[in-house]
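Asks: got a predicted structure plus its sequence, pasted below:
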Amino acid sequence: MSAPLSFERAAERVLAFLSTHLPLAVWSVTRVENGQQTYVYLEESNTYGLVRGSSTPWGQTLCIHAVAGRTPSVTAQAPDVPEYRESLRQTGLTVTTYASATILEPDGQLFGTVCGFDPASLIGPDDLASAIDLLAFMGDMLTLALAADRERQDLHEALADSEVDAETDALTGLANRRRWDRMVSDEEQRFRRLADPTVVVIVDLDGLKRINDSEGHADGDGYLRAAADALRASVRSTDVVARLGGDEFAVLLRQCDAGTATDVVAKVEASLADRHVEASIGWSVANVASGLSAAVAEADARMYAQKATRAAR
C-alpha cells in the first residue's frame with residue numbers, strides 16, 4: 001500500500017503539473033502568516049530569483065487582492081488592474097501574467113495560495129476561463145491535502161499521548177528528554193511541510209547547584225518543581241514544556257509568532273521570579289529556510305549567552 005499523500009507531496013505535484021500545463025516564470029505554494037507571504041514550495045531556479053523561505057509583506061502582494069475577491073484570480077494583463085498595478089509599484093516586480101488560487105485551513109481560515117506569475121503575457125482570451133478553472137481545482141486539491149495532513153498529525157499526537165507515562169519526567173511531571181526529542185523530530189517534519197509559525201524556548205536554572213550544595217538535594221528538587229510550575233503556569237494550552245535533564249527545560253510554542261513569543265517569555269520570567277527561581281532564557285523563531293532544529297540550536301546559544309552575561313555581573 002502506498003503512503004498517504006502529504007501536503008508536501010501534493011504541493012510538489014501541483015507545481016510540477018502547473019509548470020508543464022501552464023508554464024510561467026515561477027509557480028509557488030505560499031503560506032500567509034503574521035503579515036507575510038512566505039514561499040514554502042517553488043522551483044529554486046526562476047526568473048525572479050525567489051528562494052524557499054523568502055517572503056513579501058502580505059499587504060504588498062498581488063494575492064491579497066485575489067484572495068479578497070477584489071481582482072481576477074487569473075489575468076494576462078496584471079498592470080491593467082489598478083490593485084495589481086499598485087502592488088507591483090510597491091514591490092518593483094515586473095509581472096504581466098498572474099494566476100492564483102486560495103488554500104484554506106480545515107476551519108476555513110486562510111492558509112496561503114498557489115500562485116504563479118510571468119513578465120510576459122502568456123494566456124490568451126480563449127484560454128482564460130480554463131486557466132481559472134484549473135487554478136481553482138488546484139487550490140481545492142491542496143485544501144483537501146492540508147486537511148488530511150492536519151488530521152493525520154492529530155491522530156499521531158493522540159497516539160503519542162497514550163504513551164505519555166514512558167515519556168514523563170517523574171520529578172516534575174513534565175515531558176522528558178525522550179518525548180522532547182521525538183516531538184521536535186515530528187514538528188520538524190510538520191514545519192517543513194506546512195511552515196506553521198513555531199518558537200523554541202530554552203530555560204536553564206542558575207541556582208540549582210548552589211541550593212544542592214548548601215541546602216541539600218531535597219530543596220534542590222523543590223527548586224526544580226517550582227521552576228516546572230512556573231513554566232506550566234506561563235504557557236498556553238497548545239504549548240509543550242519539557243525537562244531535558246538536570247536543570248535545563250525547553251518549551252515548544254506552537255502557532256506562535258515573535259510578538260506572541262515575547263509575551264509568553266515575559267510571563268515565564270515573571271512566573272519564575274514570583275517563585276524565586278533564577279534562570280537564563282533563550283528563544284528563537286523557526287524559519288522556513290533553516291528549519292526547526294536550527295531554532296533549537298539558536299535558542300540554546302542565546303540562553304548560554306545570557307548565562308555568561310549574568311555570570312560576568
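Replies: Everything's here; your move.

Asks: per-residue pLDDT, residue 252?
Replies: Reported pLDDT at residue 252 in the predicted model: 97.

Asks: against residue 201, how distant is it?
Replies: Remark: distance between residue 252 and residue 201 (Cβ to Cβ, to the nearest Å) = 8 Å. For glycine as for every other residue, the C-beta is placed from the backbone atoms N, C-alpha and C.

Asks: those two: which has the busier surroundings?
Replies: residue 201 (28 against 24; other Cβ atoms under 10 Å).

Asks: quick one, what contacts that one?
Replies: With contact taken as Cβ atoms under 8 Å, 6 or more residues apart in numbering, residue 201 is in contact with 250, 251, 252, 253, 261, 264, 265, 268, 281, 282, 283, 299.

Asks: put the buried members of the residues you listed into a PyMOL selection.
Replies: Entered in PyMOL, the line below selects the buried ones among these, by 16 or more other Cβ atoms under 10 Å:
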select buried, resi 250+251+252+253+261+264+265+268+281+282+283+299
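
Asks: which of the contacts of residue 201 lies closest to residue 178?
Replies: residue 250 (12.8 Å; Cβ to Cβ).

Asks: burial count for residue 185?
Replies: Neighbour count for residue 185, taken as other Cβ under 10 Å: 11.

Asks: try residue 174
Replies: A count of neighbours around residue 174, defined by other Cβ under 10 Å, yields 26.

Asks: now the strands for this protein?
Replies: Applying DSSP state E to the chain gives strands spanning 26-33, 36-42, 55-57, 74-75, 97-104, 110-118, 198-205, 240-245, 248-254, 279-285.

Asks: does residue 136 really touch residue 66, like I thought?
Replies: No - counting by Cβ atoms under 8 Å, residue 66 is not a contact partner of residue 136; they are 11.2 Å apart.

Asks: pull up the overlap in contacts between the two.
Replies: Shared contacts of residue 136 and residue 66 (Cβ under 8 Å, 6+ apart): residue 73.

Asks: who's more crowded, these two?
Replies: The residue with more neighbours, out of residue 136 and residue 66, is residue 66; 25 against 15, by other Cβ under 10 Å.

Asks: which residues sit in contact with residue 71?
Replies: Listed by Cβ under 8 Å, 6+ apart, the contact partners of residue 71 are 62, 65, 81, 83, 84.

Asks: can you flag the buried ones in those?
Replies: 62, 65, 81, 84.

Asks: looking at the residues you listed, spot the one nearest residue 196.
Replies: Nearest to residue 196 among these, with distances taken as Cβ to Cβ, is residue 62, at 23.9 Å.

Asks: how much space between that closest one and residue 83?
Replies: Distance of residue 62 to residue 83, computed by Cβ to Cβ: 8 Å.

Asks: repeat for residue 75
Replies: Taking Cβ to Cβ as the measure, residue 75 falls 11 Å from residue 83.

Asks: re the thing from before, can you lay out the contacts of residue 71 as CSV showing distance to residue 143?
Replies: Below are those laid out as CSV (distance: Cβ to Cβ, whole Å):
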residue, distance to residue 143
62, 20
65, 20
81, 25
83, 24
84, 24
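
Asks: ok, those residues vs residue 288, which is closest?
Replies: Of the contacts of residue 71, the one sitting nearest to residue 288 (Cβ to Cβ) turns out to be residue 62, at 20.2 Å.
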